Each structure stands twice: as C-alpha cells, then as structure tokens.
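Chemist: just need the structure, nothing else, for what follows:
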Amino acid sequence: MKKRIKKSVLLCLLLLAAFYFRQCLSLHLTPRAAAHAEGRYTLYYLVNTDGMKGLGHSILLLTDPSGAGTVLSFNGMQRSLPESLLGQSGIGKMSVGHMDAQETARFLQTGNLELDGDQLRDNYDWALYLPITEETYLLILEQARPYIEAGKNFEMLYVQWAQTADTAEKQVLADTLEEMGQDQTLPLYNIYTNNCDHAARTLAAQADNELQTYNQIADCLTPCGNLKAFAKYAPQWGVMELGKNSLWEKLMEFLMIF
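Modeler: Sure thing, here's the model as predicted:
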C-alpha cells in the first residue's frame with residue numbers, strides 16, 4: 001500500500017514538473033520584429049529578470065525620432081521592505097532619466113543602464129517594443145506626471161521633517177506624510193497591486209488596446225512573468241534581447257512564469 005502511495009505521489013510530481021516545463025517552453029522569449037509601425041517614436045517595456053533581489057524590475061523607455069530616450073522607473077519609497085511585504089501602501093518614486101541618441105543605442109545594445117536614480121543603474125535583459133505616434137509619446141509622459149509629483153511632494157515634506165527641531169512641527173509633518181501614504185487619490189506604491197510592473201504596464205497601455213485588455217486579466221506575480229505572458233498575448237509587439245545575458249539571467253527568464 002505504501003509503495004503504491006509513493007508511486008502515485010511520484011507520478012503526480014512528474015506530471016506537475018512536465019506541465020511546468022511545458023509552460024516554460026511555451027512562454028520562452030525569442031527575438032522578433034514588431035508587426036507594424038505607426039509612428040517615428042518607440043515605446044519599450046523592459047525587464048531586469050534578476051532585479052529587486054530576484055523578483056525582477058520593469059521600466060519604460062520612450063525614444064523620439066532623434067533616438068534620444070526617456071526612462072521611467074517606479075519604486076516604493078515610503079515603506080520599508082518588511083512593511084511592503086505586509087501589504088502596506090505608500091508614496092512611490094517615479095525616477096526619470098534622459099539619454100541622448102548614442103547613450104540610448106548603447107543601452108539597447110548592452111542592456112547596461114547607467115543613469116542616476118532608483119533602478120536606473122543596472123543591467124536589463126529583455127524588452128518588448130512598439131512604434132508609437134508623437135501624440136501617444138506625449139500622453140504617456142503626461143500620465144507619468146502624477147507619479148512624479150507625488151514623489152517630489154513626499155521628498156520635500158520628508159526633508160522638512162528631518163531638518164526641523166521643533167517637536168510639535170515634526171509631529172505635524174509626520175502625520176502629513178502618513179496621510180499621504182494612505183491617500184487613495186494618489187498613485188500609491190503597493191508591492192502586490194501597484195508595483196513597478198503595474199505602473200509600467202498602466203502607462204504603456206496608453207499606446208495599445210491589447211495591453212489595456214491584458215492588464216485586466218494579468219495574473220502573473222512577477223515582472224518577467226507578465227512581460228513573457230504579454231509577449232505571447234500580443235504578437236504585434238517586437239521582442240529584443242539586450243546584450244548578452246548570463247547563464248543565470250537566461251535561467252531566470254526561462255523559469256519565471258509566475
């Protein structure tokens with residue numbers, strides 16, 4: 001009887017492993033060109049597969065006709081990692097970086113981002129890309145403004161809180177900062193419901209109805225999982241590998257389907 005149970009458990013594990021491996025193969029990224037071109041601007045949705053301690057990190061890159069690029073990277077700022085893992089929301093920071101045409105081309109060739117800012121100095125591995133119009137380019141930048149302003153306002157108040165010696169004033173500022181972190185009218189960072197990948201896909205959805213639809217059904221937990229699932233869901237987006245990824249990065253990309 002025990003042998004039969006062990007064999008049944010082993011068979012179930014093998015079947016699960018086979019299913020998982022099949023899913024990994026199904027979602028594995030392979031380079032491809034964008035299916036169509038509607039504009040002289042380009043939107044890139046990028047992922048660092050082993051960023052954020054292996055969880056992955058997503059950013060956006062927007063390029064104009066000259067080849068210059070603007071990078072948008074959203075991160076939690078108000079809450080510590082333990083607080084974030086407990087589901088606490090807070091003000092995030094939308095880091096913005098700018099590159100000239102040569103710097104942008106080098107980044108897309110190597111994956112090495114070398115700007116000042118949160119997650120703006122790291123190595124990125126894969127990108128989905130789509131030609132867009134100038135109108136869409138400007139709309140995405142405009143939609144990023146509330147993220148940027150919320151972060152700047154929080155930083156300004158935090159500096160005042162850190163520098164004041166008046167106990168009463170310090171408490172008022174602390175209360176104001178805490179209220180900001182609970183203000184649902186602001187684009188608050190939440191590691192489960194509005195993290196770097198949610199923000200990137202929300203902004204990028206201004207360019208594509210398919211991504212708007214995908215965002216309503218997205219069920220992957222990690223940036224890499226969502227980028228891979230969307231790549232399969234929307235074949236009109238191009239797929240490119242940035243630089244030469246290490247064995248570890250390739251393994252992370254292949255195995256990360258959640």
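Chemist: where along this structure do the strands fall?
Modeler: 41-48, 57-63, 69-76, 92-99, 112-114, 121-123, 126-132, 238-241 (DSSP state E).
Chemist: now mean neighbour count, mean pLDDT and distance to residue 177 too, for these, in TSV please.
Modeler: Bear in mind the C-beta positions are built from the backbone N, C-alpha and C, glycine included. Shown next, in TSV, are these (neighbours: other CB atoms under 10 Å; pLDDT from 0 to 100; distance: least, CB to CB, whole Å):
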stretch	mean neighbour count	mean pLDDT	distance to residue 177
strand 41-48	25	96	29
strand 57-63	25	97	25
strand 69-76	24	96	14
strand 92-99	21	96	14
strand 112-114	17	94	30
strand 121-123	16	90	27
strand 126-132	22	96	35
strand 238-241	18	95	41
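Chemist: redo those strands as CSV? Include distance to residue 255.
Modeler: What follows is those, written out as CSV (distance: least, CB to CB, whole Å):
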stretch, distance to residue 255
strand 41-48, 14
strand 57-63, 17
strand 69-76, 24
strand 92-99, 28
strand 112-114, 23
strand 121-123, 18
strand 126-132, 14
strand 238-241, 17
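Chemist: pLDDT on stretch 180-192, on average?
Modeler: In this model, stretch 180-192 has a mean pLDDT of 94.
Chemist: tell me the helices in the protein, going along the chain?
Modeler: Applying DSSP state H to the chain gives helices spanning 2-27, 81-85, 101-110, 134-143, 145-163, 167-180, 196-204, 209-217, 223-233, 247-255.
Chemist: relative to residue 61, which of these is closest?
Modeler: Across those, residue 61 has its closest neighbour in helix 101-110 (7.6 Å, CB to CB).
Chemist: average pLDDT across that closest one?
Modeler: The average pLDDT for helix 101-110 rounds to 96.
Chemist: ok, stretch 133-153 next?
Modeler: On average, stretch 133-153 scores 97.
Chemist: in CSV, list the C-alpha atoms belonging to that stretch.
Modeler: Provided in CSV are the C-alpha atoms of stretch 133-153 (Å, rounded to 0.1, in the frame of the first residue of the first chain):
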residue,chain,number,x,y,z
THR,A,133,2.9,58.3,-32.6
GLU,A,134,4.1,61.6,-31.1
GLU,A,135,0.6,62.0,-29.5
THR,A,136,0.9,58.7,-27.7
TYR,A,137,4.5,59.6,-26.6
LEU,A,138,3.4,62.8,-25.1
LEU,A,139,0.3,61.2,-23.5
ILE,A,140,2.5,58.6,-21.7
LEU,A,141,4.7,61.3,-20.3
GLU,A,142,1.7,63.3,-19.2
GLN,A,143,0.2,60.2,-17.5
ALA,A,144,3.5,59.7,-15.6
ARG,A,145,3.2,63.3,-14.1
PRO,A,146,1.1,62.3,-11.0
TYR,A,147,3.6,59.6,-10.0
ILE,A,148,6.5,62.1,-10.3
GLU,A,149,4.7,64.9,-8.5
ALA,A,150,3.6,62.7,-5.6
GLY,A,151,7.2,61.5,-5.1
LYS,A,152,8.6,65.1,-5.2
ASN,A,153,6.0,66.4,-2.7
